[in-house]
Structure formats: C-alpha cells, structure tokens
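>>> Pasting a predicted model and its sequence here:
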Amino acid sequence: MIGLTALWLAYYFLHSLLASYPVKGFFKDLKPRWFKFYSTVYNFQSLVLFMLIFWYQKQLPAEWIFIAPAWMETVGWTIVFVGIVLGYVAFRNYSFAEFSGYLQARGDGNFQETMQITGLNKFVRHPIYFASIIILIGWLLQAPSEKNGIFFSISLIYLFVGAWLEEKRLVNEFGNQYLKYQKEVKMMIPFIF
C-alpha cells in the first residue's frame, strides 16, 4: 500500500502545484499564446491521472480494516449518492465554462469572478468540498478496506489544505467582503467547522 499512498500524495501535490499562481505565471511567461488553454489541459490531466490512480487502486486486493455488516454497504452507497446530489447542487452556483477552462480557451479572459454567497454557499463556504467529504465517507463505509482508507485519509487532508489555500486566495481577491463572510458562514462543514 506504500505505492498507492505515494501515488495519491504525488497526485494531490501535482494538482496543487499546477494550480498555484507561480506555476501558472511561469507557463504564461513561457508560452503566452498557448496559456489560454492552461486550465483546460490542467483539468483534463487532473481527471485522467485521478482515473488512472483510482483504477490502479481498484485492482489492488482488498485488505479489510474491519468486517462490516451487510447493511453498511447500502448505507455507504446512500451516503455517496447524497454527496453526489449535494455536489451537483453546489456546482450549479459556479460557472462550468470558467471552471473547465472553456472561457479562457475561447479567449474570454476578461470575466470577473463574483463571490458566491447564495445556494449552499449560505451554509458553508466550500460546498463542493463538503459534498466531496460526504462522498469520501460513503465510499469508505461501503467498503472499509485499507486501500479505501488510504484514499479517504489523503483526500480528506487534501480537501482541508485546498480549502485553506483557496481561503487565502479569496481573501486577497475580495478583501473585507470575504472576511465578513468568513465570520458568518462555516468553512467546510455546516454549523460545525
């Protein structure tokens, strides 16, 4: 399982590194004409690498953390489904064209990001991350194996680190408006954290 741990750690490190402003600036300076495709390529490579590592993980034998009762698999899949629905609802608050890199690739780089405080953002500042946590919990419960535990643990840590990094960016971008929002709405888990 050391190999799987190393792959997930490398994936999340690369994911954050390529999303950082210094790396984006480096590529923008290196190939300014092609930089408009950066977000699209970034998202594509992230998805492909995630799927490849996840496929590799599925091929590994399952060493169970504990033997779960049969009903736990149903509960786990139900929680995964709830997380997917929450993720869908949360994602509707954002521009898919911007997120996917389509606006940048089209050359529409003059869009202005707006601070989202409606929808699920009224209850939690990072609703997509919250939905991801729900999915991770369900995934671990439906098959409590060592390999799923590794995926759960590393992904959960990454979500909190990613949210923290995103918070710094949002404070820089929106200033006092975001600081006020931080005081009023929980970061990752509604009503708790």
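Arrived safely, thanks for sending.

>>> those helices in this structure, which residues are they?
All helices of the chain, identified by DSSP state H, fall at 2-19, 21-30, 38-59, 70-91, 96-100, 102-105, 127-142, 146-174, 176-184.

>>> Take those helices and write them to JSON lines, including mean neighbour count.
C-beta coordinates here come from the backbone N, C-alpha and C atoms, glycine included. Converted to JSON lines, those look like this (neighbours: other Cβ atoms under 10 Å):
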{"stretch": "helix 2-19", "mean neighbour count": "14"}
{"stretch": "helix 21-30", "mean neighbour count": "12"}
{"stretch": "helix 38-59", "mean neighbour count": "13"}
{"stretch": "helix 70-91", "mean neighbour count": "15"}
{"stretch": "helix 96-100", "mean neighbour count": "13"}
{"stretch": "helix 102-105", "mean neighbour count": "17"}
{"stretch": "helix 127-142", "mean neighbour count": "20"}
{"stretch": "helix 146-174", "mean neighbour count": "16"}
{"stretch": "helix 176-184", "mean neighbour count": "12"}
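
>>> Of all those, which one comes closest to I192?
Shortest separation from I192 across those is recorded for helix 127-142, at 10.5 Å, computed as Cβ to Cβ.

>>> Output the helices of the chain in TSV; the columns should cover distance to Q116.
Listed next are these as TSV, based on distance: least, Cβ to Cβ, whole Å:
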stretch	distance to Q116
helix 2-19	18
helix 21-30	21
helix 38-59	18
helix 70-91	9
helix 96-100	12
helix 102-105	16
helix 127-142	9
helix 146-174	10
helix 176-184	10
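
>>> a markdown table for the ones you listed, including distance to L120 and mean pLDDT?
A markdown table is the format used below for the helices of the chain (distance: least, Cβ to Cβ, whole Å; pLDDT from 0 to 100):
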| stretch | distance to L120 | mean pLDDT |
| --- | --- | --- |
| helix 2-19 | 22 | 95 |
| helix 21-30 | 27 | 90 |
| helix 38-59 | 22 | 95 |
| helix 70-91 | 5 | 96 |
| helix 96-100 | 16 | 78 |
| helix 102-105 | 23 | 76 |
| helix 127-142 | 4 | 96 |
| helix 146-174 | 14 | 94 |
| helix 176-184 | 14 | 94 |
